[in-house]
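> need a structure here:
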Amino acid sequence: MISRREFVLGSGALAVAVSVPLRSYAAEKAGGGDEFVTAYLEIAADGRVTLHSPTTEMGQGTHTGHAVIIADELGVDLERVSVVTAEPADPFRRNGQMGSGGSWGVRFWYQPLRKASAQAREVLVAAAAAKWRVPAAECVLEHGEVVHAGSKRRAGIGALAAAAAALPLPAEPALRPRSELRYTGRNVPRVDLGPKVRGEPVFASDVERTGMVFACAVLSPVFGGELEGFDRDSINPVPGVLDAVAVPGGAAVVGTHTWAAMRGAEALKVRFKPTPHDSLDSATISRQMRAALAPEVSAVEARRDGDWAAVAKAAARVVSADYEVPYLSHAPMEPWNCTVEIDGDGVIHIWAPVQTQDRNRNAAAAAAGVPPEKVRLHTTLLGGGFGRRLGSDGIAAAVVTARAVKRPVKFFWRREEEFGQGWYRPAQVARMEAALDAEGHVTGLRVRTAGPALSNSFSAQGLPAGQLDGSSVQTIRESRYKPSAFLVEWARVDQPVPMAPWRSVGATQNGYFLESFIDEVARAASRDPYELRRELLAHDPRALKVIETVTKAAGWGKPLPAGRARGMAFVESYGSLCAEVAEVSLRDGRPVVHRVVCALDCGSVVLPDGVRSQVEGGIVQGLSAAMGEAVRIEQGRAADRNFDTYPLLRFTESPERIETIVIESGETMGGVGEPPLPPIAPAVVNALAALTGKPIRELPLSRHSFA
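Numbers count the residues shown, from 1 in each chain. Okay, the predicted model is just below:
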């Protein structure tokens with residue numbers, strides 16, 4: 001572990017450990033100590049403030065949020081604060097791993113950053129007070145300077161950093177009142193906006209090293225396929241091609257530039273070993289999942305409230321429906337790539353767009369047969385994440401290639417490999433049942449989902465038989481709906497298709513299942529969908545406020561132009577409650593979303609404009625998936641390998657208006673990046689069902705006719 005003293009000596013500045021309520025992995029293994037260090041706030045001699053952070057900036061504005069928290073609590077101007085992603089080290093790990101995900105970027109760090117900044121502020125003030133021989137209570141830190149109220153003397157924090165570094169940090173520093181905060185809760189420019197406009201940030205594709213060559217991957221099109229061999233002579237005629245290298249999952253063609261490597265990859269004659277699933281297709285996967293919905297198939301229980309069997313037996317009516325969603329691609333704009341260079345000491349340097357630093361570092365070390373300490377991982381900006389960068393699927397092949405050619409290598413996948421082997425959001429089915437009494441009140445709910453275990457595919461340790469895959473019941477298991485009986489089960493149906501978390505993970509499919517079904521139940525009971533949700537949430541004032549806010553803002557129940565309808569959905573995920581109302585019509589047999597109103601209760605807000613951006617982005621991405629995204633499986637591989645058959649939402653198909661209402665409830669801060677996505681699909685589906693009178697039980701919508 002790096003101690004505060006070691007960091008201070010290495011940086012020549014005031015450094016404050018940002019503590020979080022987790023013990024460090026090293027301390028855990030040692031069996032002692034309760035020091036838990038996961039980030040460092042550094043104040044340099046020039047007055048610049050830098051946070052060495054374990055979080056990856058993926059374009060969502062996390063680093064701006066951190067800079068705002070620090071600037072406010074410390075008392076400096078925002079432009080003097082920088083946030084950089086640190087290299088993997090124990091101080092930057094949570095539960096033994098350094099990584100970013102789960103919409104934790106701001107909410108996990110909010111209080112620790114405030115405390116660390118307040119600690120730094122107090123020792124800086126103490127250093128100035130000692131220098132001037134005045135009481136610290138007479139001094140304040142503002143705009144990067146400590147000011148003595150009586151004498152008007154001033155000292156910049158940079159000039160005080162060395163003296164402050166020698167002082168003990170206060171255990172419980174006083175936090176500034178909200179009235180003193182200049183940036184939090186206000187619209188401020190993102191710290192990366194100007195550099196991005198000027199083209200300054202470095203993405204993985206931008207990294208250049210002296211003597212670098214380029215390597216294009218040629219991967220097995222069949223999931224899990226292994227290389228049998230290739231014809232090296234087949235690439236000889238291609239200008240600029242240098243070599244071909246066998247790598248995990250296939251081969252890499254090395255060239256003097258990107259185009260040469262790509263042309264060589266196209267020319268390479270390569271053979272892959274057959275697999276047991278060479279004939280697997282989407283229809284077979286669907287049949288296997290739907291078969292697991294049968295009651296005689298064993299399932300893992302995720303939630304049991306009350307006695308479903310008794311409630312169903314006593315019900316005046318039981319409504320049931322089966323739903324299905326396909327595999328989805330993350331489809332980032334930047335296909336997988338990284339740069340690997342091995343220095344004279346055998347240290348492997350990697351520049352990569354990753355969310356999980358330790359996972360990738362360990363994969364590189366294993367591929368090279370060296371200890372992880374011999375790998376230095378430099379995190380670049382991401383050209384699209386959405387969970388795609390949680391894995392380490394391209395690292396081993398890049399390291400193998402660099403070792404083979406003994407030169408720095410930029411290793412990259414073409415778009416076809418990104419779609420064909422880029423890991424997916426799981427396909428899944430669900431059987432939904434609701435028990436109704438004679439008055440149309442919901443007395444019980446039963447949900448059985450079935451599909452592959454995401455955690456078995458994505459986690460190195462897999463998922464033992466009989467254990468629950470949490471993402472397969474996410475948001476349903478935790479639903480705030482409370483009928484007298486609520487039973488949730490999951491049946492495991494594993495497939496060889498590689499899977500990884502996709503933005504909002506299990507909430508995407510489960511939000512669609514549950515919220516579409518709630519509307520079906522409302523229609524069966526001749527109830528207003530909003531009123532039915534109010535009844536199911538009557539015990540929960542916080543949830544009621546969210547759905548009341550969104551329906552009021554959207555004009556629920558008020559007349560609409562002919563041919564339009566509204567649909568709503570309410571989904572809780574990542575500590576935030578989100579409700580959306582979509583206003584939809586049909587044009588030439590295709591759905592048109594005119595307006596989306598979103599109410600989000602994420603507890604409290606650091607960056608209001610950042611919240612709006614995340615809401616808008618989540619709605620657009622969720623709508624894109626609902627409208628037309630699906631990875632079809634044919635002959636054991638992805639049939640959709642580019643944007644021509646995997647269509648993303650176009651500008652002309654986006655909602656005409658998206659309105660965001662942020663509810664600051666004062667509850668524990670929740671996530672923002674993922675919660676706005678899950679409600680949009682069921683909201684649109686419910687609006688279409690109101691228009692057509694027909695339920696939509698399978699996505700994407702492009703599979704349905706609305707003529």
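> so what's Phe570 scoring on pLDDT?
Model confidence at Phe570, expressed as pLDDT, equals 98.
> list the strands paired with the helix or strand containing it, with their directions.
Under the criterion of DSSP states H and E, Phe570 resides in strand 564-573. Taking DSSP bridges as the criterion, strand 564-573 forms sheet pairs with strand 576-587 (antiparallel).
> how about the helix or strand that comes right after the strand it pairs with as PDB, C-alpha atoms only?
Next in sequence after strand 576-587, counting helices and strands by DSSP H and E, comes strand 590-601. The C-alpha coordinates for strand 590-601 follow below in PDB (Å, rounded to 0.1, in the frame of the first residue of the first chain):
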ATOM      1  CA  ARG A 590     -43.500   2.900 -37.800                       C
ATOM      2  CA  PRO A 591     -43.600   4.300 -34.200                       C
ATOM      3  CA  VAL A 592     -42.800   7.900 -33.800                       C
ATOM      4  CA  VAL A 593     -41.900   9.300 -30.300                       C
ATOM      5  CA  HIS A 594     -42.800  12.900 -30.100                       C
ATOM      6  CA  ARG A 595     -42.200  13.600 -26.500                       C
ATOM      7  CA  VAL A 596     -40.600  12.000 -23.400                       C
ATOM      8  CA  VAL A 597     -41.000  13.400 -19.900                       C
ATOM      9  CA  CYS A 598     -38.700  11.900 -17.300                       C
ATOM     10  CA  ALA A 599     -38.800  12.400 -13.500                       C
ATOM     11  CA  LEU A 600     -35.700  11.200 -11.700                       C
ATOM     12  CA  ASP A 601     -35.100  11.100  -8.000                       C
END
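> average pLDDT across strand 590-601?
Per-residue pLDDT values across strand 590-601 average out to 98.
> what does stretch 373-385 give?
The average pLDDT for stretch 373-385 rounds to 93.
> the strand holding Phe570 to strand 590-601, inter-axis angle?
40 degrees (axes from the mean of the first three to the mean of the last three CA atoms, to 10 degrees).
> so what's the gap between strand 564-573 and the chain middle?
On the basis of CA atoms, centre = their mean, to the nearest Å, strand 564-573 is displaced by 22 Å from the centre of the chain it belongs to.
> list the buried residues of it.
Of the residues in strand 564-573, 564-573 count as buried by neighbour count, 16 or more other CB atoms under 10 Å. Glycine gets a C-beta too; all of them are placed from N, C-alpha and C.
> how about it as CSV, C-alpha atoms only?
What follows is the C-alpha trace of strand 564-573 in CSV, where atoms were taken according to Å, rounded to 0.1, in the frame of the first residue of the first chain:
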residue,chain,number,x,y,z
ARG,A,564,-51.3,9.8,-30.4
ALA,A,565,-51.2,8.0,-27.1
ARG,A,566,-49.2,8.1,-23.9
GLY,A,567,-47.5,5.3,-22.1
MET,A,568,-45.7,5.3,-18.8
ALA,A,569,-43.2,3.2,-16.9
PHE,A,570,-41.5,3.3,-13.4
VAL,A,571,-38.2,1.6,-12.8
GLU,A,572,-35.8,1.8,-9.9
SER,A,573,-32.2,1.0,-10.4
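> and the closest residue to Gly628 other than its chain neighbours, backbone torsions?
Residue nearest to Gly628 in three dimensions, not counting chain neighbours: Ser702, with 4.2 Å by CB to CB, 6 or more residues apart in numbering. Ser702 has phi and psi values of phi -60, psi -10 when expressed as degrees, to the nearest 10.
> any regions of this protein where pLDDT drops low?
Counting by pLDDT under 70, the chain contains low-confidence residues at 1-13, 17-39, 90-91, 94.
> now for the longest helix seen in it, which elements pack on it?
Taking residue count as the measure and DSSP state H as the definition, the longest helix of the chain comes out as helix 110-132. Packing partners of helix 110-132 (3 or more CB pairs under 8 Å, 6 or more residues apart in numbering; DSSP states H and E): strand 14-19, strand 37-43, helix 62-74, strand 139-142, strand 145-148, helix 157-165.
> which parts of the stretch 251-400 of the chain are helices?
Using DSSP state H, counting those that start in this stretch, the helices of the stretch 251-400 of the chain run over 258-267, 282-291, 308-314, 357-368, 395-405.
> kindly reformat the ones you listed as CSV containing distance to Asp601 and mean neighbour count.
Output for these, formatted as CSV (distance: least, CB to CB, whole Å; neighbours: other CB atoms under 10 Å):
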stretch, distance to Asp601, mean neighbour count
helix 258-267, 47, 20
helix 282-291, 34, 15
helix 308-314, 30, 15
helix 357-368, 32, 23
helix 395-405, 39, 24
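> Glu73: which of the ones you listed is closest?
Distance to Glu73, taken as CB to CB, is lowest for helix 357-368 among the helices of the stretch 251-400 of the chain, at 26.4 Å.
> list of residues touching that closest one?
Taking contacts as CB atoms under 8 Å, 6 or more residues apart in numbering, the residues outside helix 357-368 that touch it are 54, 56, 85, 87-88, 92-93, 96-99, 248, 340, 348, 350, 352, 354, 371-372, 374-375, 377, 379, 390-392, 395-400, 403.
> among the residues you listed, name the buried ones.
Among the contacts of helix 357-368, those that count as buried by neighbour count (16+ other CB under 10 Å) are 54, 56, 85, 87-88, 92-93, 98-99, 248, 340, 348, 350, 352, 354, 374-375, 377, 379, 390-392, 395-400, 403.
> which ones among these are found in strands?
Residues of those located in strands (DSSP state E): 85, 340, 348, 350, 352, 375, 377, 379.
> turn the residues you listed into CSV, including distance to Leu532.
CSV is the format used below for these (distance: CB to CB, whole Å):
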residue, distance to Leu532
Thr85, 46
Val340, 56
Ile348, 58
Ile350, 53
Ala352, 48
Val375, 55
Leu377, 50
Thr379, 46
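> from those residues, which single one is nearest Pro326?
Ala352 (29.1 Å).
> list the strands paired with the helix or strand that Leu51 is a member of, with their directions.
Of the helices and strands defined by DSSP H and E, Leu51 is found in strand 49-53. With DSSP bridges as the test, strand 49-53 is paired with strand 37-43 (antiparallel), strand 81-85 (parallel).
> most tightly surrounded among the ones you listed?
Compared across those, strand 37-43 shows the largest average neighbour count, a mean of 24 (mean count of other CB atoms under 10 Å).
> sorry, back to before: and the angle for the strand holding Leu51 with helix 62-74?
Computed by the same axes, to 10 degrees, the angle between strand 49-53 and helix 62-74 is 130 degrees.
> quick one: strand 49-53 to chain centroid distance?
Relative to the mean C-alpha coordinate of its chain, strand 49-53 is positioned 22 Å out (CA atoms, centre = their mean).
> run through the strands of the stretch 351-500 of the chain in chain order.
For the stretch 351-500 of the chain, the strands defined by DSSP state E, counting those that start in this stretch occupy 375-379, 409-412, 424-425, 428-436, 442-451, 485-492.
> what packs against the last one?
Packing partners of strand 485-492 (3+ CB pairs under 8 Å, 6+ apart): strand 300-305, helix 308-314, strand 442-451.
> so after it, what's the next helix or strand?
From strand 485-492, the next helix or strand downstream (DSSP H and E) is helix 506-524.
> list the buried residues in that next one.
Burial within helix 506-524, assessed by neighbour count using 16+ other CB under 10 Å, is assigned to 506-524.
> and that helix, what does it pack onto?
Helix 506-524 is packed against strand 317-325, strand 428-436, strand 442-451, helix 529-536, strand 564-573, helix 608-628, helix 680-692, with contacts defined by 3+ CB pairs under 8 Å, 6+ apart.
> need these in CSV with distance to Arg415, can you?
What follows is those, written out as CSV (distance: least, CB to CB, whole Å):
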stretch, distance to Arg415
strand 317-325, 24
strand 428-436, 26
strand 442-451, 27
helix 529-536, 41
strand 564-573, 30
helix 608-628, 17
helix 680-692, 26
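> so which of these gets nearest Pro591?
So among the helices and strands packed on helix 506-524, helix 680-692 is nearest, using CB to CB, at 6.0 Å.
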